[in-house]
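Engineer: this one's sequence-less:
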């Protein structure tokens, strides 16, 4: 694994001091910000995440704030998901598309009030698209990146740890809802969400200066819960079918290709700039789609580029994320497959960096 | 230096195989793409760059292509530099600003013809801003990222190496002009430009499949010129005053604060979306500006975050890039200073990661 050269451009976060003190071993860069990828080892981090509770610096999930009379209108312009029924206090996973229906991001939209939204973004400068659209359509809306850095608390003991800090009321927050909780006199939005299938919360930490106090308080409260610094885990997120924008999909793909058709109401999402482009694919369905794929043999090498997928000597897709799963005793992976070869049970071949492997399309993700 | 976890999201380039074979030791991530930062060591790479010739994989300077009847109009909307006099075959360094006059990028615009431009971008998803503006204003223009990856040839022997591959005509290409040259039957734009002060060219490699053939041809032709794989060099670019978007400036800054007022013709740049916001600062001047700063003492530690600058106990700015310069026997740095403390000769203090240092504002960059 090569080294990373640090500079101001790869932004530190309000929790970086804590991450370093916890012995981070590797990073990726996400939204031009440092995102830890390994503490002990990917496998040891995985085992701990599934057994205890971890605190994750996911500041790189930057927020795009929309505020003003046209905020709701602009939010609907961005996505084919119909937002009319969404209430303040809710979080929606929303595919964001351009005028051709290509995915620009797959964020979580947080509705703070009718005229104020946060978009908690995946890895692309969505701020620039939203600002450009708002400017071009001359909307009355402020669009900027506020000083908000999400801190995730994930794992089976997440409720216990959070309740110690915020009180038992935090246990009542339902999935993809948020409520406000106090820390050091500050009101923070706390949502039941996060990039794992182990359960937990995301705290929208508003104000960098309370970052380390909150980090330290979580570790102080959680010592007997075996709390540890962690990060989104490659193995666990593939097992759980959590997609990664830039890895498993890009602006070449429609939401339907990504299996996100259930988050699209293209017919009724009036105002969405990509609506015209998506109406046909929404009706007829895509010709390629994301699938879970089991790859045979021992642990695959790191998947640092798309691996072509073949059947009968012809390319029928590609694998974009892959890892050895200790719990399932196989290589779990995510790929995009042509319609002709996406049915569960279909046998295919994957050209990994260390050679061709037999593989089988799965009917569902592992967890 | 921590490790970097590779994944498809941190895109490889058409030259990555060559970069790895040349023994790259560290990367940064730039426009979600791998950019090498160290081959032998930053100091050894610096010495070689100033003595011989290097081939740089700067594919991360992605292109935004504008094509169609409104391409020229859109290009002018993006920048306060007056583009009326620009001819096909020219390259212009253009500050790109949003509606508030904040810098979104500082790319090189390449005018291919009246209705076709490339914008060779610094580190932000400028594509999204340009697409948003084009969509909002309903312009007749195609905006996308073509399969074009710049390869730079830099150093005092760059002309000799390039002439061997492309013929002596390449020596006649003037600074910030380009001309078309053939390689394996393909027409490539070759500009006299690059992110160093050692002279050289940037080849706009159109078509990933000719990336490695071109890379290999340059190394085969240049063996006796001591050609080596290299990369933008931290020390040399600070000595030369080459700014880095995201390090030395962000969207918080106007072009005038970045010392780029000479590239702004705000009064006559009719159509620029940030024109109204910039007219006042263009007339009155900024209240803070980028300056070269010499920092006393031994080699400074890596500058991975802004270092506050003080005078009389009050903060008057920050340093954002710094390195020990072997040739000048001092620490060279780039910082943003308040009007009250930006005159050459002003004595200030810089709070580096390993303590406070005395420093002096310089009248000009070192090379």
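Structural biologist: Cool, got the structure. All of these numbers come straight from a predicted model, not from anything done at the bench. Numbers count the residues shown, from 1 in each chain, chains lettered A, B, ... in the order given.
Engineer: enumerate the residues of the stretch 251-367 of chain A near chain B.
Structural biologist: When proximity is defined by Cβ under 8 Å from any Cβ of the partner chain, the stretch 251-367 of chain A lies next to chain B at A:273, A:302, A:303, A:304, A:305, A:306, A:320, A:321. All C-beta spots, glycine's among them, are computed from the backbone N, C-alpha and C.
Engineer: can we see that at 10 Å?
Structural biologist: A:251, A:273-274, A:302-307, A:318-321 (Cβ under 10 Å from any Cβ of the partner chain).
Engineer: which two of the residues you listed have the greatest separation?
Structural biologist: Greatest spatial distance in those: A:273 and A:302, 36.7 Å, computed using Cβ to Cβ.
Engineer: contact partners for residue A:40?
Structural biologist: With contact taken as Cβ atoms under 10 Å, 6 or more residues apart in numbering or on different chains, residue A:40 is in contact with A:23, A:25, A:46, A:47, A:48, A:228, A:229, A:230.
Engineer: for residue A:136, that is, sorry about that
Structural biologist: Taking Cβ under 10 Å, 6+ apart, we find residue A:136 in contact with B:77, B:131, B:132, B:133, B:134, B:135, B:136, B:137, B:138, B:139, B:273.
Engineer: for chain B, what's its nearest residue on chain A.
Structural biologist: Of the residues in chain A, the one nearest chain B is residue A:136, at a distance of 1.2 Å by Cβ to the nearest Cβ.
Engineer: and the pLDDT at that residue?
Structural biologist: The predicted local distance difference test score for residue A:136 is 96.
Engineer: how does chain A divide up, domain by domain?
Structural biologist: A:16-61+A:147-238, A:63-129, A:287-367 (automatic domain parsing).
Engineer: next, count neighbours for residue A:114.
Structural biologist: Neighbour count of residue A:114, defined by other Cβ atoms under 10 Å in any protein chain shown: 11.
Engineer: assign the residue nearest to it when sequence neighbours are not counted to helix, strand or coil.
Structural biologist: Nearest residue to residue A:114, sequence neighbours excluded (Cβ to Cβ, 6 or more residues apart in numbering or on different chains): residue A:72, at 6.2 Å. Residue A:72 carries the three-state label helix when classified by DSSP: H, G, I helix; E, B strand; the rest coil.
Engineer: what is the burial count for residue A:72?
Structural biologist: By the other Cβ under 10 Å criterion, the neighbourhood of residue A:72 contains 21 residues.
Engineer: point out the most buried one among the domains of chain A.
Structural biologist: Of the domains of chain A, the one with the most neighbours on average (mean count of other Cβ atoms under 10 Å in any protein chain shown) is domain A:63-129, at a mean of 21.
Engineer: so what's residue A:94 up against?
Structural biologist: Residue A:94 makes contact with A:75-76, A:78-81, A:83, A:86, A:105-109, A:119, A:255, A:260, A:263-264, according to Cβ under 10 Å, 6+ apart.
Engineer: name the nearest residue to it, sequence neighbours excluded.
Structural biologist: For residue A:94, the nearest residue in space outside its immediate sequence neighbours is residue A:79; the separation is 4.3 Å by Cβ to Cβ, 6+ apart.
Engineer: same for the one helix or strand residue A:279 maps to, what does it pack against?
Structural biologist: Secondary structure from DSSP states H and E places residue A:279 in helix A:275-284. Using 3 or more Cβ pairs under 10 Å, 6 or more residues apart in numbering or on different chains; DSSP states H and E as the contact definition, the elements that helix A:275-284 packs against are strand A:96-97.
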